[in-house]
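Student: test case, fold it:
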Amino acid sequence: MLLRRVTYTETMIGIIPEQTDFEDYREVDGVKLPFTVRVSSVDAGNPVSTRTFTEIKLNVPVDDSKFKKPAAAKPNP
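Tutor: Numbers count the residues shown, from 1 in each chain. Alright, predicted model coming up:
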């Protein structure tokens, strides 16, 4: 199981590393998936982001309405 991935992004001010940790692997339809993903970065603002999933579903049909562009906002009078 993948436990950690480190990526590097080149910018004008230098190389910015980002570390992603994968934890709490569980079996979903015969495939082990991480239910906790933690991303750490040296960027200002939010240096650590954690996503914890309670349920993961594979190959579930998605209603086409989810992909429709929202209606344009009406101008205020």
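Student: and the pLDDT at Q19?
Tutor: Per-residue confidence (pLDDT) for Q19: 94.
Student: compute the number of surrounding residues for the closest residue in space to it that isn't next to it in sequence.
Tutor: Nearest non-adjacent residue to Q19, counting by C-beta to C-beta, 6 or more residues apart in numbering: S40, 4.6 Å away. C-betas here are computed from N, CA, C, even on glycine. Look at S40: counted by other C-beta atoms under 10 Å, it has 16 neighbours.
Student: contacts only, for S40.
Tutor: With contacts defined as C-beta atoms under 8 Å, 6 or more residues apart in numbering, S40 is in contact with E18, Q19, T20, D21, P47, V48.
Student: is the fourth one in contact with S49, as I believe?
Tutor: The one in question is D21. No. The pair D21 / S49 is not scored as a contact, 11.0 Å apart, by C-beta atoms under 8 Å.
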